[in-house]
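[1] Please work out how this folds:
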Amino acid sequence: LPICKQSEFTEIMKSIGTMSNDLKKSVGVLTNEFRNNFNSLFEEKYENLSTEELNKKLESERIDVTLPGKKVKSGSMHPLTLVRNDLEDLFVSMGYDVVTGPEIETDVNCFEKLNIPKDHPARDMQDTFYITEDMLLRSQTSSVQVRTMLANTHKTPIKMICPGKVYRRDDDDATHSHQFMQIEGLLIDKNISLSDLKGTFDVISKKLFGENVETRFRPSYYPFTEPSVEMDMSCIYCDGSGCSMCKPKGWITICGGGMVHPNVLKACGYDPNEWQGFAF
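    Numbers count the residues shown, from 1 in each chain. Next up, the predicted model:
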């Protein structure tokens with residue numbers, strides 16, 4: 001009962017015990033009626049005030065459901081991820097497997113089994129992040145090719161690409177970075193020739209950049225391939241006429257590659273007299 005403890009009603013209730021029986025009976029009836037009336041009035045007033053407060057709150061916090069909703073900002077894939085996904089889809093459609101490997105690699109897998117011993121001058125072609133004398137941040141995803149050939153204990157054909165991050169001690173500028181993306185490919189089988197690599201390269205270029213793209217090979221050198229080639233495509237910005245993008249040559253170098261060196265095949269357990277392959 002929400003009545004003050006020091007009210008007149010409270011004092012009357014306290015004094016009932018000292019009254020005569022007749023007075024006690026009549027006063028008890030009157031106090032019960034008063035209590036019931038008070039409670040009814042209090043609950044009615046409390047409900048009215050609560051309803052009024054709720055209506056004010058609903059009015060002040062009202063939401064117009066007819067207003068247009070706010071657009072939720074969402075992210076998008078990085079351009080490198082988009083290109084990587086396109087290339088993976090393309091190679092998978094050509095029967096290739098997508099293989100990954102560790103970014104912290106052994107010197108043996110990253111260099112020695114790729115026909116690059118410790119005293120080989122090709123080690124000067126790139127500056128590597130070494131963790132210990134025998135462990136490093138991989139400077140090329142070719143180490144995944146080595147791992148794949150070594151893991152293939154039955155020495156069956158291989159068709160794989162290995163996309164991933166690589167690390168080199170380059171000064172960062174518009175065309176260099178200490179960390180960048182690389183996608184390498186490897187095909188090992190019997191009776192494979194350089195023309196198979198050229199055909200594969202033609203398909204990749206035309207699928208990615210259009211049917212009008214032309215491709216060409218130029219002689220080059222890599223320790224892990226022999227013969228080695230640079231692979232160019234006609235500039236998609238000037239159609240080969242020469243521009244700032246292709247440094248007025250009409251051609252853009254896309255990648256390097258060649259036939260897998262016999263020493264690499266031997267180091268990974270393949271007989272070079274029986275097996276051939278190309279890498280890019």
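
[2] Could you measure from Asp97 over to Leu137?
    24 Å (Cβ to Cβ, to the nearest Å). Using the backbone N, CA and C atoms, a C-beta is placed for each residue, glycine as well.

[3] okay, those two: which has more neighbours?
    Between Asp97 and Leu137, counting by other Cβ atoms under 10 Å, Leu137 is the more crowded of the two (20 against 13).

[4] Now the more buried one. Its backbone dihedrals?
    Phi and psi for Leu137, reported as degrees, to the nearest 10, are phi -80, psi 120.

[5] what residues are up against it?
    When contacts are counted by Cβ atoms under 8 Å, 6 or more residues apart in numbering, Leu137 is found next to 103-105, 128-129, 131, 166-167.

[6] What of Gly17?
    Gly17 touches Lys24, counting by Cβ under 8 Å, 6+ apart.

[7] Tell me if it really is in a helix.
    Yes. Using DSSP: H, G, I helix; E, B strand; the rest coil, the assignment for Gly17 is a helix.

[8] Which pLDDT value belongs to it?
    You'll see Gly17 listed with a pLDDT of 70.

[9] ok, now Gln140?
    90.

[10] wait, isn't it in contact with Glu184?
    Yes. When contacts are counted by Cβ atoms under 8 Å, Gln140 is listed as touching Glu184 (7.2 Å).

[11] Could you take the contacts of Leu137 and lay them out as a markdown table, with extra columns for neighbour count?
    Shown next, in a markdown table, are the contacts of Leu137 (neighbours: other Cβ atoms under 10 Å):
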| residue | neighbour count |
| --- | --- |
| Glu103 | 15 |
| Ile104 | 11 |
| Glu105 | 26 |
| Thr128 | 18 |
| Phe129 | 14 |
| Ile131 | 11 |
| Val166 | 22 |
| Tyr167 | 19 |
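
[12] Can you tell me which of those lies closest to Gly250?
    Gly250 has its nearest neighbour among the contacts of Leu137 in Val166, at 29.0 Å by Cβ to Cβ.

[13] right, and that closest one touches Gln182 too?
    Yes. The criterion here is Cβ under 8 Å, and Val166 meets it with Gln182 at 4.9 Å.

[14] related to what we said a few turns ago, among the contacts of Leu137, which two are most distant?
    For the contacts of Leu137, the farthest-apart pair by Cβ to Cβ is Ile131 and Val166; their separation is 14.7 Å.

[15] Walking through the stretch 151-280 of the chain, point out its helices one by one.
    Assigned by DSSP state H, counting those that start in this stretch, the stretch 151-280 of the chain shows helices spanning 194-209, 262-267.

[16] Pick the most buried one from those.
    Of all these, helix 262-267 has the most neighbours on average by mean count of other Cβ atoms under 10 Å, namely a mean of 18.

[17] Quick one: distance of that helix to the chain centre.
    Put simply, helix 262-267 sits 35 Å off its chain's centre (Cα atoms, centre = their mean, to the nearest Å).

[18] Give me the mean pLDDT for that helix.
    The average of the pLDDT scores along helix 262-267 is 96.

[19] Quick one: residues in contact with it.
    Applying Cβ under 8 Å, 6+ apart, the contact partners of helix 262-267 are 112-115, 146, 149, 188, 224, 226, 271-272, 275, 277.

[20] go with 10 Å
    Helix 262-267 is contacted by residues 108, 112-117, 142, 145-146, 149-150, 186, 188, 223-226, 259, 261, 270-277, 279 when judged by Cβ atoms under 10 Å, 6 or more residues apart in numbering.

[21] What ranges does the chain have for its strands?
    All strands of the chain, identified by DSSP state E, fall at 97-98, 104-106, 135-137, 158-167, 179-189, 215-222, 225-234, 251-260, 276-279.
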